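Novice: Build me a structure from this.
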Amino acid sequence: MHRVARLALICFLAALLPVATASATPPRKILASTFPIYQMTRNITAGASGVVVELLLPARLGCPHDYALTPQEMQKLRRAEVLIINGRGLEEFLGAPLQRAHPGLTVIDSSRGSTAFIPDRAVGAKAEQVADADDHADHADHAGVNPHLFASPRMAAEQVLTIAAELARLDPATGPLYQRNATAYAARLEGLAADFAALGQTLSNRRIITQHGVFAYLARDMGLEVVAVVSVHPGQEPAAAEMLALIRQAKGEKVGAIFTEPQYPDRVAATIAREAGIPHAVLDPAANGADDAPLDSFETTMRHNLQILQSTLGSR
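Specialist: Now for the predicted structure:
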């Protein structure tokens with residue numbers, strides 16, 4: 001789809017979201033659940049007077065699978081006026097703690113303007129897309145959906161526009177600023193997505209193995225096939241029999257490379273790559289970063305990933 005037409009569709013989808021009641025006092029303390037959501041929100045709120053965006057989890061954490069909140073993070077929830085989440089089950093750990101800390105907190109689910117989700121643990125281009133099952137923001141209802149939207153520039157652009165639309169409804173006076181910032185940022189992300197899609201058409205081998213399911217959406221954008229993942233549950237190493245099966249699969253399906261993430265140990269993946277005789281490289285899903293990361297950190301990280309994919313998988 002043409003980039004301008006796609007942006008128009010995304011804006012239309014965001015407009016279909018339920019209208020939030022504007023606050024009598026517009027929210028000024030915005031809490032973002034994860035580093036990717038924090039970076040999106042910082043880009044959207046840049047230049048907004050008096051608005052403070054805080055990150056709930058440590059910036060260096062990465063994907064918060066099976067995370068347990070600290071007392072300090074519970075205090076952040078109590079102080080917040082708005083919480084912005086990734087959604088689709090990524091923040092499943094928030095359920096009970098959020099009810100204890102701040103049951104009335106306004107929650108913006110950034111995934112609600114998105115469509116064509118990939119089932120969790122499904123692989124690559126073979127994965128059948130699933131439609132949005134309902135219009136509720138209860139992230140616990142979406143455990144069957146791959147939640148790693150943020151690692152795809154195309155899906156991240158949708159998240160950005162959804163966040164901006166919801167913030168604008170809560171704060172109509174600042175809404176035009178949010179919308180301008182979001183439109184400009186989403187356009188840059190769409191440009192980045194177009195570059196990934198173009199690269200995918202030139203690669204000599206499109207079959208890959210990844211460390212876990214974080215790159216499912218990016219792979220789909222590029223036309224890559226994720227034939228397997230090293231760890232269905234991030235951080236849990238496969239058993240010896242599973243490693244042997246992965247090695248046989250990599251050889252049998254002539255996989256082009258195995259990609260790991262800087263957030264997790266790569267010993268197992270390196271062994272599989274060596275035994276299968278395939279390249280091993282690192283791709284960064286931009287799931288974490290520095291506390292003072294520049295606003296364009298996602299774009300910088302993804303541009304580097306673009307180069308890694310090209311140099312590792314080769315061109316036709």
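
Novice: Look at the closest residue to residue 69 other than its chain neighbours and report its pLDDT.
Specialist: Sequence neighbours aside, residue 97 is the residue nearest to residue 69 in space, at 5.0 Å (criterion: CB to CB, 6 or more residues apart in numbering). Where C-beta positions appear, they are placed from N, C-alpha and C, glycine not excepted. Listed pLDDT for residue 97 reads 93.

Novice: Surely residue 48 and residue 179 touch.
Specialist: No: with contact defined as CB atoms under 8 Å, residue 48 does not count as touching residue 179 (11.7 Å).

Novice: so the residue nearest to residue 69 is in which element?
Specialist: Using DSSP states H and E, residue 97 sits within helix 95-101.

Novice: Just the CA atoms of that helix, as CSV, please.
Specialist: C-alpha atoms of helix 95-101 as CSV (Å, rounded to 0.1, in the frame of the first residue of the first chain):
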residue,chain,number,x,y,z
GLY,A,95,-3.0,-6.8,36.3
ALA,A,96,-3.2,-7.2,40.1
PRO,A,97,-0.5,-4.6,41.0
LEU,A,98,-2.3,-1.9,39.0
GLN,A,99,-5.6,-2.7,40.8
ARG,A,100,-3.8,-2.4,44.1
ALA,A,101,-1.8,0.8,43.3
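
Novice: Does that helix pack against any helices or strands, and if so which?
Specialist: Contacts defined by 3 or more CB pairs under 8 Å, 6 or more residues apart in numbering; DSSP states H and E place helix 95-101 against helix 71-79.

Novice: residue ranges for the strands of the stretch 101-250 of the chain, please.
Specialist: Assigned by DSSP state E, counting those that start in this stretch, the strands in the stretch 101-250 of the chain fall at 106-109, 207-210, 225-229.

Novice: JSON lines for the ones you listed, including mean neighbour count, distance to residue 275 and mean pLDDT?
Specialist: Below are the strands of the stretch 101-250 of the chain laid out as JSON lines (neighbours: other CB atoms under 10 Å; distance: least, CB to CB, whole Å; pLDDT from 0 to 100):
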{"stretch": "strand 106-109", "mean neighbour count": "22", "distance to residue 275": "42", "mean pLDDT": "97"}
{"stretch": "strand 207-210", "mean neighbour count": "26", "distance to residue 275": "12", "mean pLDDT": "97"}
{"stretch": "strand 225-229", "mean neighbour count": "22", "distance to residue 275": "14", "mean pLDDT": "95"}
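
Novice: Which of those strands sits closest to residue 54?
Specialist: Nearest of these to residue 54, taken as CB to CB: strand 106-109 at 14.4 Å.

Novice: What is that closest one packed up against?
Specialist: Contact here means 3+ CB pairs under 8 Å, 6+ apart; on that basis strand 106-109 packs against strand 82-85, helix 153-170.

Novice: Compare the ones you listed and report which one is nearest to residue 40.
Specialist: Each of the helices and strands packed on strand 106-109 has some distance to residue 40 by CB to CB; the shortest is helix 153-170, at 5.1 Å.

Novice: Now do the closest one: distance to the chain's middle.
Specialist: Distance of helix 153-170 from its chain centroid, counting by CA atoms, centre = their mean, to the nearest Å, is 13 Å.

Novice: now for that helix, which elements pack on it?
Specialist: helix 3-15, helix 35-45, strand 82-85, strand 106-109, helix 175-200, helix 216-222, helix 297-313.

Novice: what's the angle from it to helix 297-313?
Specialist: Angle, helix 153-170 to helix 297-313, by axes from the mean of the first three to the mean of the last three CA atoms, to 10 degrees: 170 degrees.

Novice: out of the helices and strands packed on strand 106-109, deepest packed?
Specialist: helix 153-170 (a mean of 26; mean count of other CB atoms under 10 Å).

Novice: before we move on, back to that, could the strands of the stretch 101-250 of the chain go into TSV alongside distance to residue 38?
Specialist: Listed next are the strands of the stretch 101-250 of the chain as TSV, based on distance: least, CB to CB, whole Å:
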stretch	distance to residue 38
strand 106-109	13
strand 207-210	24
strand 225-229	26
